[in-house]
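A.B. asks: Pasting the sequence and the predicted model now:
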Amino acid sequence: MGSGQEISIKDLALMIQQIVGHQGEIIWDNTKPDGTLRKWMDRTQLAQRGYKAKITLAEGITMVYETYKKLC
């Protein structure tokens, strides 16, 4: 489940780029359709049961990346 915060694909790509230390250019293929503009999930029932994200998206991506580096 998510934290309830919205992020664009571009901002997500830039976040991942920064976390992994990629110095290259991100190339976007503007000839392709944008797809669904928003994919928002209703977290109301989870919040009512006390669920709250314990880490940020950036922290989670960093944790996964660090684990991946150790395994490879």
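C.D. replies: The structure has been received and is ready for your questions.
A.B. asks: Going along the chain, name the helices of the chain.
C.D. replies: Using DSSP state H, the helices of the chain run over 9-20, 44-48, 57-71.
A.B. asks: Rounded mean pLDDT for stretch 20-31, please.
C.D. replies: Confidence over stretch 20-31 (mean pLDDT, whole number) is 95.
A.B. asks: which other residues reach that stretch?
C.D. replies: Residues outside stretch 20-31 that contact it (Cβ atoms under 8 Å, 6 or more residues apart in numbering) are 10, 13, 14, 16, 17, 65. For every residue, glycine as well, the C-beta is placed using N, CA and C.
A.B. asks: cool, stretch 61-72 as well?
C.D. replies: 15, 16, 19, 20, 55.
A.B. asks: Rebuild those as CSV, extending it with distance to residue 42 and neighbour count.
C.D. replies: Below are the contacts of stretch 61-72 laid out as CSV (distance: Cβ to Cβ, whole Å; neighbours: other Cβ atoms under 10 Å):
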residue, distance to residue 42, neighbour count
15, 24, 15
16, 26, 16
19, 28, 15
20, 32, 12
55, 21, 11
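A.B. asks: Now do the buried residues in the helix or strand of the chain with the lowest mean pLDDT.
C.D. replies: Sorting the helices and strands of the chain by mean pLDDT, DSSP states H and E puts helix 44-48 at the bottom, at a mean of 86. Judged by neighbour count using 16 or more other Cβ atoms under 10 Å, helix 44-48 contains no buried positions.
A.B. asks: same question, stretch 16-27
C.D. replies: Here stretch 16-27 shows residue 16 as buried, counting by 16+ other Cβ under 10 Å.
A.B. asks: got the end-to-end distance for it?
C.D. replies: 14 Å (Cα to Cα, to the nearest Å).
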